[in-house]
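Enquirer: Any chance you can model this:
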Amino acid sequence: MHTLQQPRFSLGQISFLLFSAHLFIQSQPVLADNTQAITQTSTQTTTVSTSQVATPTTNQPARDAALIQQLVTAGIQPLYRELQQQSQQLTQTSTEFCSTPTLENFQKLRTAWGETLLAWQRTDLLLFGPAIAEQLDFQINFAPPKKQIIKNLLASDQAISQADIVAAGVGAQGLSSLEYVLFDREQTIEQFLAQFQETQGSIRCSYVQAVSALLEQKITQLSKAWLETDSTKFFTRNQEVIDLLIGKSYQTLEKINLKKIRLPFGMMDEKQLSHPYELEAWRSGYSFKTIQANIEGISRVFIDGGFLAWIDKTFPNDGTKLAVSAFEKQLKDLTQMQLPAGDPFTVVEQNIESPARRELIERCRGLEMGIKRQLAIITQAQLGFNDNDGD
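Expert: Okay, the predicted model is just below:
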């Protein structure tokens, strides 16, 4: 047994950390229900012993068909169905805008892009199987975009085709590339719109249409793998379900905390200097929304897909029940919380403090620790290779 110094947490939710005699859980930062008045303190943590974890029920099959069916049909498929619909809407909206490049249509195009981005972010924990086959995830959202490649394409004197986009590579494809040509923090929306109405406007529009159409094709290819086949086959046994969902959710939460919060907020900088350009989707102002969308995806797979309920049933233990209940509440609270007001880039650049900013940081950290120190131990999940190592 050893002790570690951890971030401070709320007294209002200390009960979240009190497990039964069957399971001693490491403490973590958790927020009180009233997040406007967070009382904080520090504590030491205790290492969990796997000998204290409940064993699965003896009549549990190696492959729970009912779990996998609910997981796929109620948790995963709706996310991909929505993603496919949003990408279709984006393609249609880009066509309408390029036909009539008005301010109203430009705003609709930006909104359609944002809704597609958020729908993609909700599938972040599903980056396995079909999502990584043929590197579809890179083709859908490679970031950051290769600006010089895109500029070279836009300098063309001929309309840009899908073949041109494919030949240019993933750095000129997908959602991040579209953000680059649809948003600019240095210009008003009217000034930026003018670029689509000038001499080279038709070239710029052809790029947007080609990228949108190719993006829809890739998303449709991915979605069909889950929607038009017996996608329950992607899970061959219960432990595979556990390892994939616990492992990928942990990677999503760790990515949120490391790359979407700590790095841009300067929490990893010795001088505490902020790095707003490290924010995801900083041009469009969707940085905080992408975090919430990531959590929404986990919530819908874990809750709607029945995964948390299955853990509670399969590993019967008072500690399990408390951990599952607390994690579910944290998911719901974060998906419903009010995000920090204002443009995320400005919030980070000017280090604007607010209760909502502190709440977002603490809730995201609490969820990551809930996976690592509670659910992963209860289910004996193999967290496996960490995609966020960058190796």
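
Enquirer: What residues of stretch 233-248 count as buried?
Expert: 234-235, 238-239, 241-248 (16 or more other CB atoms under 10 Å). Using the backbone N, CA and C atoms, a C-beta is placed for each residue, glycine as well.

Enquirer: Repeat that for stretch 205-219.
Expert: 205-216, 218-219.

Enquirer: what's that stretch in contact with?
Expert: Stretch 205-219 is touched from outside by 83-84, 87-88, 90-91, 94-95, 97-98, 101, 109, 116, 120, 136, 139-140, 150, 153-154, 159-162, 164-166, 172-175, 177-178, 181-182, 196, with contacts defined as CB atoms under 8 Å, 6 or more residues apart in numbering.

Enquirer: separation between Leu331 and Cys364?
Expert: The gap separating Leu331 from Cys364 is 11 Å, by CB to CB, to the nearest Å.

Enquirer: Give me the more crowded residue out of those two.
Expert: Counted by other CB atoms under 10 Å, Leu331 and Cys364 do not tie: Cys364 has more neighbours, with 24 against 21.

Enquirer: Would you agree that one is in contact with Leu334?
Expert: Yes - with contact defined as CB atoms under 8 Å, Cys364 reaches Leu334; the gap is 7.2 Å.

Enquirer: What is the least confident helix or strand in the protein?
Expert: strand 40-41 (a mean of 30; mean pLDDT, DSSP states H and E).

Enquirer: continuing past that strand, what's the next helix or strand?
Expert: helix 65-70 (DSSP states H and E).

Enquirer: ok, and what's touching that next one?
Expert: Under CB under 8 Å, 6+ apart, the answer for helix 65-70 is 232, 235, 238, 241, 305-307, 310.

Enquirer: list the buried ones in it?
Expert: Result for helix 65-70 [16+ other CB under 10 Å]: buried residues 67-68, 70.

Enquirer: Now do the SS call for the residue most central in space within the chain.
Expert: For the chain, the residue nearest the mean C-alpha position is Asn294 (2.6 Å; CA atoms, centre = their mean). Put simply, Asn294 is helix when judged by DSSP: H, G, I helix; E, B strand; the rest coil.

Enquirer: Report pLDDT for it.
Expert: At Asn294, the pLDDT value in this model is 98.

Enquirer: residues in contact with it?
Expert: Contacts of Asn294 by CB under 8 Å, 6+ apart are 121-122, 124-125, 252-253, 256.

Enquirer: So which residues of the stretch 151-300 of the chain form strands?
Expert: Secondary structure of the stretch 151-300 of the chain (DSSP state E, counting those that start in this stretch): no strands present.

Enquirer: how about stretch 157-168: buried residues?
Expert: 160, 164-165, 168.

Enquirer: Dump those residues to TSV, plus pLDDT and distance to Ile189.
Expert: Putting the buried residues of stretch 157-168 into TSV (pLDDT from 0 to 100; distance: CB to CB, whole Å) gives the following:
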residue	pLDDT	distance to Ile189
Ile160	97	23
Asp164	97	27
Ile165	98	25
Ala168	97	27
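
Enquirer: one step back: would you reformat the contacts of Asn294 as a markdown table and include neighbour count and distance to Gly285?
Expert: Output for the contacts of Asn294, formatted as a markdown table (neighbours: other CB atoms under 10 Å; distance: CB to CB, whole Å):
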| residue | neighbour count | distance to Gly285 |
| --- | --- | --- |
| Gln121 | 24 | 14 |
| Arg122 | 25 | 18 |
| Asp124 | 23 | 19 |
| Leu125 | 25 | 24 |
| Thr252 | 25 | 21 |
| Leu253 | 25 | 23 |
| Ile256 | 24 | 18 |
